[in-house]
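need coordinates for the below:
(chains A and B)
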Amino acid sequence: MHGSLNRNRVTALVFICLGAALLYVALTFKPGYVDDSLVMGPMSYPKWLLIGWITFSIIYLVTGKNRECGVDLTKSARPLLAALAVITAYFFLFPFLGLPLATFLFLVAFCFLEGMRDFKVVIPVAGFTATMFWLVFEAVLRISMPRGIMDLLG
Amino acid sequence: MPEQLMAALGMVLSPDVILVLFAGVLFGAIVGAIPGLGTAVAIVVCLPFTLKIGPIAAIALLMGVYGSSIYGGSISAVLLNTPGTPQSAATGMDGYPMAKAGKAGQALGWVTAASIFGGLLSCAALILSAPLLADLSLKYGGPLEICGLICMGLACISSLSEGNQIKGILMGFAGLMLAAIGDDPVSGEMRFTFGLDFLAGGISLMPVVVGIYPLAEVFYRIHELRTAAHVEAIRCSKPIFPKLREWKGRISNLVRSSMIGIGLGILPGVGATASTFVAYTTAKKFSKNGDNFGKGEPDALIAAESSNNAITGGALIPTLALGIPGEPATALMLASMTLHGIIPGVRLMVDNPDVVYSSFILLILSNILLIPAAYIVIRAFGHVINFPPPVLLGLIVVCSLIGVYIPSGLFSDIPVTLVIGVLAFGMRLYNFPVTPLLIGYVLGPQLEFNMSQAAIYKGDMSLLAYLGTSPLAIVLFSVAGLFIFAPMMKSLYLTARRR
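Now for the predicted structure:
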């Protein structure tokens, strides 16, 4: 059994569980109002999709041999996690810091974490890029972007 | 049709549209030349810039990127022996040996000329056949037939996906399910929102496309940067175009390979990579220099390049005539049209002739503008390739975030994008193709709407009796079934025989 429970089959099991949970939601769904003129209810189409999803997940479970080798993330795990952290921080700080400042800080942090540590290059590049994006969207395309703390500074 | 083409020409031939088109051609060729990024990433990165300009200028930018990014991939295939896009893999097999032999300019000359010819021939096919196909689909396309068409397209894309066919089908279902989140298009009831307000309107387009293309690509490139070796590009300052006499005996190869590209481009899911290799092997069989293939033969470059650029017009035929995209780039084009209030589908050519006919002309112009773009990109290639990856990836992230924020102005789309990006990166690592996911997501609302219409038309008839009223629908559903089940049956048969 140990050999037969490979990564593909674990993935298939996760898919089946997810499909079953969503199918349960679809089957127990109570519509707010019932319109008799509608042949298809709001959950008819998702139900068919979920039945198809579960069927093919079962086929994947049955046929999922351990042919594919795993992906080696040992070398890239740390930079990947660092990138994820800095991108998440950028996405969440963007409304509070505003586009130019958030973009500048993000580019400096991202380049530093991804191994580009020459600040004589990184800081001008990040400053130029952040300013250019701000000018292109605000002045050329006239799209209002978040100003964040720039509003407080007037 | 000529009147509509003339009207579209009037709209397209304005300095700002041409400028935007050229910017798109240049940007597409540059991004295409950077190995690993590809057409879909180039288009998604451009999307935020299209949102507040008119639809014709927006389409000009996207057509420019679409028409030139495959060509850009061939520049790195020739000068670096690393194709910028998968479609250019065959180009490197002969382009790099030529470049190593000191004929980089000549190789790029053949590549540019063949690309432009393939692209222009595919534009002619597009202009001639898309209106005819759209007319036919309007005459014979009821909701049942449209359901059949969408199912056939999805089955084709899913089953021809690289890697495991079941994975492709599962991703197609996942895309359809993603589109089913939020309000039901018929009754307006909320589905699968789990009490979360931001899911009430469904998952918006931009978080999906940004998550599965540029963001997942950024993560993948960070992973790859730790394993890839540094390579040095061969220097070249400009393409040297072949003289007229050098074309002697090669025209038939050029036309045949372009026709292969157009034909395979029309079929959903086949893709430019497959068509390039079909054209390459066919050319090898027919060429009198077949033995030189792989050693730097111009015939090989002509075959590979004319076919991979001819895909563009071919792939746009079902996209514009039927609203069925066959590859990520065309799915993104359709999706971006919805951002401009244009509804894709079989009525696209009737409701928005200006957009469709302008697209035809813009694609022709983007092929012509490849000539000046080639001179610029080839000269700048050494700098492009040495651009620091962290800065490049950082810029992609910034464009992605802006692209997600602008259409809705909602910050709630941002965490959705992150989640989709991380999931898409995981899918890529484990060989789950993301193309069926995107195409399922784009076609999902159309499929559901037409299914609910078909259910009303069916009335009290049994499903089989209703299906019997449309032979065309029977054919389309049968082809869809064949695409899904035939490879599975074959695999089960082979497994049983081995035992």
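
wait, B:Thr273 touches B:Ala89, no?
Yes: look at B:Thr273 against B:Ala89 with CB atoms under 8 Å: they come within range, at 6.6 Å. Where you see a C-beta, it was placed from the backbone N, CA and C, and this is true even at glycine.

residue nearest the centroid of chain B?
Central residue of chain B (CA atoms, centre = their mean): B:Ala329, 2.6 Å from the mean position.

quick one: contacts for it?
Applying CB atoms under 8 Å, 6 or more residues apart in numbering or on different chains, one finds that B:Ala329 lies in contact with B:39-40, B:43, B:66, B:69, B:315.

excluding its backbone neighbours, what's nearest it?
Excluding its sequence neighbours, the residue lying closest to B:Ala329 (CB to CB, 6 or more residues apart in numbering or on different chains) is B:Thr39, at 4.6 Å.

I'd like the distance between the one you found and B:Gly314.
According to CB to CB, to the nearest Å, B:Thr39 stands 14 Å off from B:Gly314.

check B:Ile75 too.
22 Å.

now swap in A:Met132 and tell me
Distance from A:Met132 to B:Gly314, by CB to CB: 37 Å.

same question, B:Asp460
Taken as CB to CB, the span from B:Asp460 to B:Gly314 is 43 Å.

which of these two has more residues huddled nearby?
B:Gly314 (30 against 6; other CB atoms under 10 Å in any protein chain shown).

any part of whichever strand or helix holds A:Tyr90 near chain B?
Using DSSP states H and E, A:Tyr90 sits in helix A:77-97. Yes: using CB under 8 Å from any CB of the partner chain, helix A:77-97 reaches chain B at A:79-80, A:83-84, A:87-88, A:90-92, A:94-95.

wait, which of these is closest to B:Asn164?
Checking those against B:Asn164 by CB to CB gives A:Leu80 as the nearest, at 24.3 Å.

touching the lowest-mean-pLDDT helix or strand in chain A from outside, list them.
Ranked by mean pLDDT, DSSP states H and E, the weakest helix or strand in chain A is helix A:149-152, scoring a mean of 76. Contact with helix A:149-152 is made by A:96-98, A:100-101, as judged by CB under 8 Å, 6+ apart.

then stretch B:414-429?
Residues contacting stretch B:414-429 (CB under 8 Å, 6+ apart): A:71, A:73, A:84, A:87-88, A:91-92, A:94, B:171, B:198, B:203-204, B:206-208, B:210-213, B:215-216, B:218-220, B:223, B:400-401, B:404-405, B:433-434, B:437.

now stretch B:198-210, how far from the centre of its chain.
Here stretch B:198-210 is found 21 Å from its chain centre; the criterion is CA atoms, centre = their mean, to the nearest Å.

end to end, how far does it reach?
This stretch, stretch B:198-210, spans 18 Å end to end (CA to CA, to the nearest Å).

so where's chain B shaky on pLDDT?
B:1, B:160-163, B:227-232, B:269-272, B:499 (pLDDT under 70).

hey, which helix is longest across chain B?
helix B:104-140 (DSSP state H).

just the element for the spatially closest residue to B:Tyr441 that is not a sequence neighbour, please.
Spatial nearest neighbour of B:Tyr441, chain neighbours left out: B:Gly175 (4.1 Å); criterion: CB to CB, 6+ apart. For B:Gly175, the element it lies in under DSSP H and E is helix B:165-180.

that helix: what's the following helix or strand?
Proceeding N to C from helix B:165-180, the next assigned helix or strand is strand B:182-183, under DSSP H and E.

residue contacts, the nearest residue to A:Ala82 once chain neighbours are set aside?
Nearest non-adjacent residue to A:Ala82, counting by CB to CB, 6+ apart: A:Leu113, 4.2 Å away. A:Leu113 sits next to A:79, A:82-83, A:86 when contact means CB under 8 Å, 6+ apart.

name the nearest of these relative to A:Ile16.
Distances from A:Ile16 to the contacts of A:Leu113, taken as CB to CB, are shortest for A:Ala83 (31.9 Å).

can you check the pLDDT for the closest one?
We note a pLDDT of 90 for A:Ala83 in this prediction.

how close does it get to B:Leu79?
29 Å.

which residues touch whichever strand or helix holds A:Trp48?
Here A:Trp48 sits within helix A:44-63, counting by DSSP H and E. For helix A:44-63, contacts defined as CB under 8 Å, 6+ apart pick out A:8-9, A:11-13, A:15-16, A:19-20, A:22-23, A:26-27, B:164, B:166-167, B:169-170, B:173-174, B:176-177, B:180, B:191-192, B:448, B:451-452, B:455, B:488, B:491.

so B:Pro302 is in which element?
Wrong residue type there; residue B:302 is Ile, not Pro. Using DSSP H and E, B:Ile302 maps to helix B:298-322.

next SSE after that helix?
helix B:328-339.

now do the strands in chain B.
Ranges of strands within chain B are B:182-183, B:190-191, based on DSSP state E.

rebuild those strands as a markdown table, extending it with distance to B:Ala23 and mean neighbour count.
Output for the strands of chain B, formatted as a markdown table (distance: least, CB to CB, whole Å; neighbours: other CB atoms under 10 Å in any protein chain shown):
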| stretch | distance to B:Ala23 | mean neighbour count |
| --- | --- | --- |
| strand B:182-183 | 35 | 17 |
| strand B:190-191 | 41 | 22 |
